[in-house]
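# Sequence unavailable; structure follows:
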């Protein structure tokens with residue numbers, strides 16, 4: 001089985017977190033924390049800054065490490081490193097690759113259909 005290593009940003013604004021709905025691929029329509037693949041030579045933090053710039057046209061400040069999730073999808077194994085982030089300089093995310101997005105309060109975290117790996121991130125956030 002193919003293995004993919006990615007990084008995901010848990011973008012916070014106060015108590016709310018930013019969720020995005022995938023607009024492409026096998027997981028199209030599922031909700032996730034935005035991010036992407038780590039390129040050779042990049043640290044997870046560098047990859048996260050690059051990916052969020054590419055996907056959402058924002059600059060982020062990468063904060064604390066939250067968790068690493070391991071999940072087997074039908075066609076690949078995912079290793080996802082998750083970090084808290086804040087948007088720099090009053091920028092607003094623009095959806096360049098996603099279908100939709102929303103800011104979720106802690107009581108709204110289960111109101112979207114999270115992808116299976118991201119469900120594990122939501123559980124980790126609830127324990128913080």
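Received the coordinates, thanks. Owing to the predicted nature of the structure, the values given are computational and were not obtained by experimental measurement. Numbering: from 1, shown residues only.

# which residues touch the residue most central in space within the chain?
Closest to where the C-alpha atoms of the chain average out (Cα atoms, centre = their mean) is residue 33, at 2.4 Å. Residue 33 is in contact with 8, 9, 10, 11, 17, 18, 19, 20, 82, 118, 121, counting by Cβ atoms under 8 Å, 6 or more residues apart in numbering. The C-beta positions use only the backbone N, C-alpha and C, and glycine is treated the same way.

# backbone phi and psi for the fifth one, please?
In other words, residue 17. Dihedral angles of residue 17 (phi, psi; degrees, to the nearest 10) stand at phi -120, psi 150.

# burial of it, as a residue count?
Per other Cβ atoms under 10 Å, the neighbour tally for residue 17 reads 23.

# hang on, isn't it packed against residue 107?
No - the pair residue 17 / residue 107 is not scored as a contact, 11.9 Å apart, by Cβ atoms under 8 Å.

# Spatially nearest residue to the residue nearest to the centre of the chain, not counting backbone neighbours?
Ranked by Cβ to Cβ, 6 or more residues apart in numbering and with sequence neighbours excluded, the top spatial neighbour of residue 33 is residue 8, at 4.1 Å.

# In the helix or strand containing that neighbour, which residues are buried?
Using DSSP states H and E, residue 8 maps to strand 2-13. For strand 2-13, the neighbour count (16 or more other Cβ atoms under 10 Å) marks 6, 7, 8, 9, 10, 11, 12 as buried.

# Which elements pack onto it?
Identification of packing neighbours for strand 2-13 by 3 or more Cβ pairs under 8 Å, 6 or more residues apart in numbering; DSSP states H and E yields strand 16-22, strand 35-37, helix 44-56, strand 60-72, strand 76-87, helix 116-126.
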